[in-house]
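Asker: Got a sequence here, can you model it:
(2 chains)
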Number of protein chains: 2
Amino acid sequence: MIADYQIRQLQAVVGEGNILTALEERWCYAFDATDHTQVPAAVVFPGSAAEISQILRLANRYGFPVTPRGAGTGRSGGAVPAPGGVVLVLTRLNRILEISIEDMVAVVEPGVITGRLKAAVEEQGLYYPPDPSSADFCTIGGNVAECAGGPVAVQYGVTRDYVLGLQLVIPTGEIIDTGARTMKGVVGYDLTRLIIGSEGTLGVVTRIILRLAPKPPARQTLAVGFPDLEMAARAVSLILRAGLAPTALEFMDRTTLDCVREMLPFEMPLELAALLLIAVDGHPHDVEERTASIARFCREQGAGLVIQARTPVEAQGLWKARSVISPALRQVRPQKISEDVVVPLSAIPRLVAALQEVSRRRNLPIASYGHAGDGNIHVSVLYDRKVPQEREAAHRAVEDIFSLVRHLAGTLSGEHGVGLTKAPYLEMELSRDAIALQQRLKRAFDPNNIMNPGKIFPPSAP
Amino acid sequence: MIADYQIRQLQAVVGEGNILTALEERWCYAFDATDHTQVPAAVVFPGSAAEISQILRLANRYGFPVTPRGAGTGRSGGAVPAPGGVVLVLTRLNRILEISIEDMVAVVEPGVITGRLKAAVEEQGLYYPPDPSSADFCTIGGNVAECAGGPVAVQYGVTRDYVLGLQLVIPTGEIIDTGARTMKGVVGYDLTRLIIGSEGTLGVVTRIILRLAPKPPARQTLAVGFPDLEMAARAVSLILRAGLAPTALEFMDRTTLDCVREMLPFEMPLELAALLLIAVDGHPHDVEERTASIARFCREQGAGLVIQARTPVEAQGLWKARSVISPALRQVRPQKISEDVVVPLSAIPRLVAALQEVSRRRNLPIASYGHAGDGNIHVSVLYDRKVPQEREAAHRAVEDIFSLVRHLAGTLSGEHGVGLTKAPYLEMELSRDAIALQQRLKRAFDPNNIMNPGKIFPPSAP
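Answerer: From the prediction side, this is the model:
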């Protein structure tokens, strides 16, 4: 625990109004979007990189852990506090410092809501592509910490592909700049990309330079229903290889569809067991041509329904149904364990078939949906924690899924990170030598292990 | 120096036929594409990751430095041996292990010639975009070590954007895998991207998993002449912001043009002082439309000549002239110092104007050309080393250029790396705290500093 005199030193850094110590207030920062909870010893709202530097120096002096946090929408427990630690809430650092049309960059603080940034950029005729489903509430700092993706990653890539440079307070308190305001840069080690996806364990990002793209002149959206999931999965693979360059290529299985069917802006016949949502960006004629090709292609592959959104509002309706899947699945069971595994493109049909097998074996509903276009499938194991055998079966199912994914040469996480939830499984993917190297790297940044300890590495790791 | 019994141990690892010790043979591996030379103590040609692991363990035991090398086409001295060290030539590891159409990945060894890989991939109807001008001779391992780019980076990005995973022998000899065979992956720290651009200082890459793209159905090439360089630079900036999404957007100034004018497949009037070479990829109709828009746009911006290649052979002729610039510049002066600085997009006109100013001040010809579309300008200071005042003035000019670039919020290198040549200038870009962190990171990989020492970090650094 953190002592009173240490709290007073924190108060001196950020001001009395920017620290919470009452239990009921600390409870509000005990969790993220997982089911893990840990009440922090204090919650601090720093106002600048200089304040964060002082806080981290105190943490090193007194040995208390510090967990940075944006909006707490993470799905792997990355923002769940360490026992006895301080939560560093970055919501005061919420300024869009600059949007430069000439340089096609934005400079922002980590607490900016991703959706707000996207809207501000679009007002200037430019485009910030990454679009995690939580874009309306998550922060860009969290996106950097986890390397967030979203549906349009198929064409545009993930957060990593847009971060040109960072300002970072490293765990020992120094404030450094990484990268540059330029489209390219290879001077020194690529600390920028090392920090992206490091889940708040290597420092606190305090400023982000983002590359912007031109706003695509046109976008079309298709909804395509297939009688079975394997057929849909095969269509995905063929669309990609045909060079039809979809912007987004999302799928939903029957369990998922059943939860959002009523929200769809069209009648989805019950005999259709899989839905693809496809977006195509580009210049208007080109978009029309490619959308028509994809539609024709899907019909040839056995699609039972092909609907093209006629207006942006109709398209929005389709995407809205996609973005509420995660909460909607609670209709089936009150609890869910959500994983975001990725497999090589050719393995998608085998994965979706094998997931149905796991569901039967463990006698639990499993919903799969998500970014089929890059092999990044969101798998939700649905269960009721009040039913002990379901709770147990859910954890067995997760192990089955991870084994399956590794067997298919896949990875345990495409965009959610390891955090707390996947740390026990890290050795299923990384060798002991690789983990040992990563730990040496962590110590090079954080010799006293004060930055978000307990994340990424398995509890058993030395 | 390395002792005879150590040489014998190296022979035992790789076989007698795979080590060179005679002075005249070692001389052949004393340099890369810079003017730096250092004769190595031995040249070793390992045949596997396991052999490399043993070599690195010997290096740690006896304390001799090891410099990995591909084709030696690097422009920053990265492959120039360390004094008394061993050169590890990776040309025997030259197999394309797999090209998977289904997964859209290739798995290759580091010694594969980039152009050979590109051709093999295109035979399968896919595309590996990065296209450094040395693609016909450089190796993919060297591309990874430096994060090579090339003209099409404007649309497709650089080597970093295509590497999904690596097999790596770390300096202490462990063989580890990073990344995955999947389009996304965020498990653990991003060692893959940390290794990319680390210039052979953090380990030896022995296998590379590359993402492939669909082959673009069509490409058009335009050559556009402008009466002055600033006008051309402004056109670049406007084309990018207009969302016309060029694939490549290269420029040449007058000095450069004068060296390649005779190779151009069309008459380039002498009064035109700047040339843009523009490629547009995509679906046929779309490419036609956008190419026409760019041509119209350039004419509106004052272009004196707009030529569209009518056949792929004509287009090849245009790009051929681009790819021989570097050697062609030797017509002006026997020596050149080539830098590949990058500035924010809006600063391109100011940079090219200021470079002419540096040329006047230092009384030396300076040629600039290259990747205007991402602000990555190749600046060549041309001089004769037999003229002492030119030698001195050339180094002053480089300092002027770096100061200028930093003043414009740019970076000292976009794709060539720091190596030996830019190490003395590292502190112009990175703070002492950032350099110290990078050195701790280096030590986490390489506690005995055996991997390519003397590169990246300034000689003065602790």
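Asker: what's the average pLDDT for the lengthiest helix in chain A?
Answerer: Counting residues, the longest helix found in chain A (DSSP state H) is helix A:388-407. For helix A:388-407, the mean per-residue pLDDT is 97.
Asker: Give me the helices and strands touching it, please.
Answerer: strand A:335-342, helix A:348-362, strand A:376-383 (3 or more CB pairs under 8 Å, 6 or more residues apart in numbering or on different chains; DSSP states H and E). In this view, the C-beta of every residue, glycine as well, is placed from N, C-alpha and C.
Asker: Reformat those as a markdown table; add mean neighbour count.
Answerer: As requested, the helices and strands packed on helix A:388-407 are exported to a markdown table (neighbours: other CB atoms under 10 Å in any protein chain shown):
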| stretch | mean neighbour count |
| --- | --- |
| strand A:335-342 | 23 |
| helix A:348-362 | 18 |
| strand A:376-383 | 26 |
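Asker: With mean pLDDT and distance to chain B added, can I get the ones you listed in JSON lines?
Answerer: Shown next, in JSON lines, are the helices and strands packed on helix A:388-407 (pLDDT from 0 to 100; distance: least, CB to the nearest CB, whole Å):
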{"stretch": "strand A:335-342", "mean pLDDT": "94", "distance to chain B": "4"}
{"stretch": "helix A:348-362", "mean pLDDT": "94", "distance to chain B": "10"}
{"stretch": "strand A:376-383", "mean pLDDT": "96", "distance to chain B": "5"}
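Asker: For my notes, please list these in CSV and give distance to A:Arg116 for each entry.
Answerer: Listed next are the helices and strands packed on helix A:388-407 as CSV, based on distance: least, CB to CB, whole Å:
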stretch, distance to A:Arg116
strand A:335-342, 24
helix A:348-362, 34
strand A:376-383, 25
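Asker: Which of those sits closest to B:Arg61?
Answerer: strand A:335-342 (40.0 Å; CB to CB).
Asker: what's that closest one packed up against?
Answerer: Going by 3+ CB pairs under 8 Å, 6+ apart, strand A:335-342 lies up against strand A:376-383, helix A:388-407.
Asker: how about that strand as CSV, C-alpha atoms only?
Answerer: Only the C-alpha atoms of strand A:335-342 are listed here, as CSV (Å, rounded to 0.1, in the frame of the first residue of the first chain):
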residue,chain,number,x,y,z
GLN,A,335,-21.0,-13.6,-19.1
LYS,A,336,-18.6,-13.9,-22.0
ILE,A,337,-14.9,-14.4,-22.5
SER,A,338,-13.9,-12.5,-25.7
GLU,A,339,-10.8,-13.4,-27.5
ASP,A,340,-9.5,-11.9,-30.7
VAL,A,341,-7.4,-14.6,-32.3
VAL,A,342,-5.9,-14.3,-35.7
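Asker: what's the angle between that strand and helix A:388-407?
Answerer: Following axes from the mean of the first three to the mean of the last three CA atoms, to 10 degrees, one obtains 0 degrees for the angle between strand A:335-342 and helix A:388-407.
Asker: roughly how far out does strand A:335-342 sit from the chain middle?
Answerer: The chain centroid and the centroid of strand A:335-342 are separated by 12 Å under CA atoms, centre = their mean, to the nearest Å.
Asker: ok so, going back, pick the most buried one from the helices and strands packed on strand A:335-342.
Answerer: strand A:376-383 (a mean of 26; mean count of other CB atoms under 10 Å in any protein chain shown).
Asker: tell me the angle it makes with helix A:388-407.
Answerer: Going by the same axes, to 10 degrees, strand A:376-383 makes 160 degrees with helix A:388-407.
Asker: Give me the pLDDT for the residue nearest to A:Gly63 when sequence neighbours are not counted.
Answerer: The shortest distance from A:Gly63 to any non-neighbouring residue, by CB to CB, 6 or more residues apart in numbering or on different chains, is to A:Asn448 (6.6 Å). Confidence at A:Asn448, expressed as pLDDT, is 98.
Asker: Where does pLDDT dip in the stretch 1-150 of chain A?
Answerer: Scanning the stretch 1-150 of chain A for pLDDT under 70 picks out nothing.
Asker: Which residue is it, in it, that comes closest to chain B?
Answerer: A:Glu102 (3.5 Å; CB to the nearest CB).
Asker: contacting residues for the residue lying closest to that residue once chain neighbours are set aside?
Answerer: Spatially, and ignoring its direct neighbours in sequence, A:Glu102 is nearest to B:Ser346 (3.5 Å; CB to CB, 6+ apart). Going by CB atoms under 8 Å, 6 or more residues apart in numbering or on different chains, B:Ser346 touches A:Ser100, A:Glu102, A:Asp103, B:Ser237.
Asker: Quick check: buried residues in stretch A:259-267?
Answerer: A:Cys259, A:Val260, A:Arg261, A:Leu264 (16 or more other CB atoms under 10 Å in any protein chain shown).
Asker: so the first one makes contact with A:Pro365?
Answerer: No. With contacts counted by CB atoms under 8 Å, A:Cys259 stays clear of A:Pro365, the gap being 10.2 Å.
Asker: Touching both of these two, which residues are there?
Answerer: With CB under 8 Å, 6+ apart, A:Cys259 and A:Pro365 have common neighbours A:Val332.
Asker: Now do the same contact list for A:Cys28.
Answerer: Taking CB under 8 Å, 6+ apart, one finds A:Val43 in contact with A:Cys28.
Asker: Show the model's pLDDT score for A:Phe297.
Answerer: Listed pLDDT for A:Phe297 reads 93.
Asker: got the phi/psi numbers for the residue of the stretch 1-150 of chain A closest to chain B?
Answerer: For A:Glu102, the backbone dihedrals (degrees, to the nearest 10) come out as phi -60, psi -40.
Asker: and A:Gly370, helix, strand or coil?
Answerer: Following DSSP: H, G, I helix; E, B strand; the rest coil, A:Gly370 is assigned to strand.
Asker: list the contacts for it?
Answerer: Contacts of A:Gly370 (CB under 8 Å, 6+ apart): A:Glu250, A:Phe251, A:Asp340, A:Asn376, A:Ile377, A:His378.
Asker: now A:His285
Answerer: Counting by CB under 8 Å, 6+ apart, A:His285 touches B:His285, B:Asp286, B:Glu289.
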